[in-house]
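Chemist: Turn this into a structure:
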Amino acid sequence: MKNKLIRLSKIISHAGVCSRKQAEVLIKNGEVLINEEVFKKFVVEDGTIKSIKVKGKVINKQPIKLWLFNKPIGYVSSNKEQFSQKSLFKLLPKSLPRVVSVGRLDIQTQGLMILTNNPTLSTHLENPKNQIKRKYLAKVFGKIPTSCENLAQEELLIDGILYKNVNLKVLTKKSNSKIIEIILTEGKNREIRRILNYFGLQVKKLERISFGPFELNTLKDGEVSEVKDSILKKFLNSIGFDYESYLR
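Modeler: The predicted structure follows:
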């Protein structure tokens, strides 16, 4: 029975060297060695690997790490900056390894973002089928309709787009402080703003305060906090991500 074929760029990316796309360039250029020999294929048999070198440096599988980050308004959730945009990745400490974000928050949204050194974990956490709850607080303008109060609705069809598992709860209706709590399990583009617009409301301020069991709490703008390994392991096991298997 043949060993499982795995993408070499995935291994290199998970080791924190670079992105998968950049790894493929390194492979093409002959800068990747497997078992001390130049390897220019994109897939490799898992059980045949004794050592991997990238640009002369041995790489090793990295333990999974997770960080909580409080994204300020005015930053994009991407490494790519267009025009006068600023990337949130420029706010991260230089001591942090290469990380990817779990999903995105738009430039005008602030609050909790999850960062990880493992792209496969990022994809797992983003996937709506895993039903990981994201909680937001929205300060809004406009008259809050009764149809919006304590809404726990499975589906909303807005402009031809289906939004599933939407849960809205009005926290305050004061004229100068109308706040709605929103809980989602997926992250479509500008989802909350579109949903609230559907109810005749405009968003003044939008903040994500939790993602799964992780909460923003007292984390300051631009601040990063690493999740303890014991807490991370428990969380990954609870969502069906095989932490122990990954480390082997």
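Chemist: Spatially central residue for this protein, please.
Modeler: In the chain, the residue lying closest to the centroid (C-alpha atoms, centre = their mean) is V102, at 0.4 Å.
Chemist: count of neighbours near the residue lying closest to it once chain neighbours are set aside?
Modeler: Spatial nearest neighbour of V102, chain neighbours left out: I114 (3.9 Å); criterion: C-beta to C-beta, 6 or more residues apart in numbering. In short, each C-beta sits where N, CA and C put it, glycine included. I114 has 24 neighbours, counted by other C-beta atoms under 10 Å.
Chemist: same deal with the one 4 residues further on?
Modeler: A total of 22 residues lie near N118 under the criterion other C-beta under 10 Å.
Chemist: S122 contacts T116, correct?
Modeler: Yes: using C-beta atoms under 8 Å, S122 is in contact with T116, at 5.4 Å.
Chemist: any residues in contact with both of the two?
Modeler: Residues touching both S122 and T116 by C-beta atoms under 8 Å, 6 or more residues apart in numbering: V100, V102.
Chemist: can you pull out the helices in the chain?
Modeler: 8-14, 20-28, 119-126, 191-198, 229-238, 243-247 (DSSP state H).
Chemist: Among the ones you listed, show the one with the smallest mean pLDDT.
Modeler: Ranked by mean pLDDT, the helices of the chain bottom out at helix 243-247, which scores a mean of 48.
Chemist: What separation is there between the nearest residue to G212 once chain neighbours are set aside and L236?
Modeler: Once flanking residues are discounted, G212 sits nearest to I132: 4.8 Å by C-beta to C-beta, 6+ apart. As judged by C-beta to C-beta, to the nearest Å, I132 and L236 stand 12 Å apart.
Chemist: Would you mind telling me which of these two has more residues around it?
Modeler: Taking other C-beta under 10 Å, I132 and L236 do not tie; I132 has more neighbours (23 against 20).
Chemist: ok, now which ones touch that one?
Modeler: Neighbours of I132 in contact, by C-beta under 8 Å, 6+ apart: L125, T185, F211, G212, I239.
Chemist: Okay, and which of the residues you listed map to strands?
Modeler: F211 (DSSP state E).
Chemist: what's the closest of the contacts of I132 to L88?
Modeler: Nearest to L88, judged by C-beta to C-beta, of the contacts of I132 is F211 at 15.2 Å.
Chemist: Can you pull out the low-pLDDT segments for the protein?
Modeler: In the predicted model of the chain, residues 1-3, 149-154, 242-248 satisfy pLDDT under 70.
Chemist: That one - how does it break down into domains?
Modeler: 5-58, 66-129+213-247, 133-211 (automatic domain parsing).
Chemist: correct me, but R98 touches T116?
Modeler: No: applying C-beta under 8 Å, one finds R98 not in contact with T116, separated by 10.4 Å.
Chemist: neighbour-wise, which of those two wins?
Modeler: Neighbours per residue (other C-beta under 10 Å) separate R98 from T116, with T116 holding more: 20 against 14.
Chemist: Bridged to the more buried one, which residues?
Modeler: The partner list for T116 in beta bridges (DSSP bridges) reads L66, V100.
Chemist: Which residues are in contact with it?
Modeler: For T116, the contact set (C-beta under 8 Å, 6+ apart) comprises I64, K65, L66, W67, V99, V100, V102, S122, L125.
Chemist: top of these by neighbour count?
Modeler: Busiest of the contacts of T116 [other C-beta under 10 Å] is L66, holding 24 neighbours.
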